[in-house]
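**Student:** Structure here, sequence nowhere to be found:
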Ligand code: ADP
């Protein structure tokens, strides 16, 4: 029994897992939805981040808890304010493709100081057109870590 090589083996297993097998269901709102509705949604779905889509269902933005808090401070008409005004927009969204590794996803979360990544399928890369098919969060990575290292 060599504990060091066993840990190395587990770490290697974790690193090569594919995003598609670990992704969670994405919680999506229309980009025309109000900030008020987004706040209700974030509580109902018990998530930290919502993804906004356009009328064709393509990824348009990311809305985090802090984005919503910032919008709520000193704004008393949240039902009239569309999330498109406050969201982080394409092309500034960090995404992960379904066939990338969990290690790549974890690095993107860390390097960009964010909590979640939309898992996407490319529709037209040139035009920044992506379909959202899941989400990877820090919880996803933590769960994979526990599942793979618990012997
Ligand atoms: P919070 O702001 O609630 O702590 P995050 O740390 O995930 O949550 O978000 C920080 C900022 O980064 C927010 O303005 C959010 O819109 C933005 N953000 C979150 N996820 C992404 C992403 N995948 N790509 C680009 N920007 C993102």
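**Tutor:** All right, it came through fine. As the structure is a computational prediction, the values presented were derived from the model and not from experiment.

**Student:** how about the nearest residue to residue 119, chain neighbours excluded?
**Tutor:** Spatially, and ignoring its direct neighbours in sequence, residue 119 is nearest to residue 134 (3.5 Å; C-beta to C-beta, 6 or more residues apart in numbering). The C-beta positions use only the backbone N, C-alpha and C, and glycine is treated the same way.

**Student:** Let's verify the one you found: helix, strand, or coil?
**Tutor:** strand (DSSP: H, G, I helix; E, B strand; the rest coil).

**Student:** what about it, how many neighbours?
**Tutor:** Residue 134 has 20 neighbours, counted by other C-beta atoms under 10 Å.

**Student:** residues from the protein in reach of the ligand?
**Tutor:** Residues of the chain lying near the ligand by C-beta under 6 Å from any ligand atom: 49, 62, 64-67, 88, 92-94, 114-117.

**Student:** buried sites along stretch 88-96?
**Tutor:** Using 16 or more other C-beta atoms under 10 Å as the test for burial, stretch 88-96 gives 90, 93, 95, 96.

**Student:** what's the closest of those residues to the ligand?
**Tutor:** Proximity of those to the ligand (C-beta to the nearest ligand atom) peaks at residue 93, which lies at 4.3 Å.

**Student:** Next, the residue nearest to the closest one when sequence neighbours are not counted: phi, psi?
**Tutor:** Nearest non-adjacent residue to residue 93, counting by C-beta to C-beta, 6+ apart: residue 62, 5.5 Å away. Torsion angles at residue 62 (phi, psi; degrees, to the nearest 10) stand at phi -120, psi 140.

**Student:** And for residue 142, the neighbour number?
**Tutor:** When neighbours are counted by other C-beta under 10 Å, residue 142 comes out with 11.

**Student:** Surely it is in a strand?
**Tutor:** No. Assessed with three-state DSSP, residue 142 is helix; it does not lie in a strand.

**Student:** ok, it to residue 128 distance?
**Tutor:** 30 Å (C-beta to C-beta, to the nearest Å).

**Student:** One more: residue 99?
**Tutor:** Distance from residue 99 to residue 128, by C-beta to C-beta: 19 Å.

**Student:** tell me the contacts of residue 64?
**Tutor:** Listed by C-beta atoms under 8 Å, 6 or more residues apart in numbering, the contact set of residue 64 reads 48, 49, 88, 114, 115, 116.
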